[in-house]
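Enquirer: Got a predicted structure plus its sequence, pasted below:
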Amino acid sequence: RVKVEALEMAKATLAEGVDADGALFNELHENGHLDDAKDWWPQAEAMVGFLNAYQLSSDVDYMEAAKRSWAFISSKVSDRKGGEWHWRVSREGVPDPSQSKINAWKCPYHNSRACFEVLERLQSLTKLSSLA
């Protein structure tokens, strides 16, 4: 039952929450207002979530969504010059300079955990494909 629910969430997120650039919108408020900025942690969790959905279903659309999540993170969220990930970028991918990269609410938890999760999952997939 949990697998079915997880895949339903991934399906809905992919259909309704992902922008054309592969990034996840921040949130949709109860009043219907879309916060179309792209905060760091939803991007990290989308990458892991879509990879998890791929592992559960073998649906290549989820693998492609995970790759597109990483491409967005790598090109727009990750600050290659100054280090760390930007807190938020606009819908167009422009970093919000009013948001600090590190504070009491933002630390490397989501981004480092996501990268560790992806590495572990990809290693697992590589091992499985070598057995086939």
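Expert: Thanks, I have it.
Enquirer: Residues touching the one helix or strand in the chain whose mean pLDDT sits lowest, excluding its own?
Expert: The helix or strand of the chain with the lowest confidence, counting by mean pLDDT, DSSP states H and E, is helix 109-131 at a mean of 86. The contact list for helix 109-131, computed with CB atoms under 8 Å, 6 or more residues apart in numbering, reads 40-41, 44-45, 47-48, 51-52, 55, 66, 70, 84-85. C-beta coordinates here come from the backbone N, C-alpha and C atoms, glycine included.
Enquirer: Skipping adjacent residues, who's closest to residue 40 in space?
Expert: residue 85 (4.5 Å; CB to CB, 6 or more residues apart in numbering).
Enquirer: That neighbour and residue 26: what is the separation?
Expert: Distance, residue 85 to residue 26, by CB to CB, to the nearest Å: 14 Å.
Enquirer: Between these two, which is the more surrounded one?
Expert: residue 85 (25 against 18; other CB atoms under 10 Å).
Enquirer: Now do the same contact list for that one.
Expert: Going by CB under 8 Å, 6+ apart, the list of residues near residue 85 reads 40, 44, 73, 77-79, 101, 111.
Enquirer: On the three-state scheme, residue 62 is what?
Expert: Judged by DSSP: H, G, I helix; E, B strand; the rest coil, the three-state class of residue 62 is helix.
Enquirer: Give me the neighbour count for it.
Expert: Neighbours around residue 62, by other CB under 10 Å: 22.
Enquirer: And residue 53, by the same measure?
Expert: For residue 53, using other CB under 10 Å, the count is 25.
Enquirer: Good, we can wrap up now.
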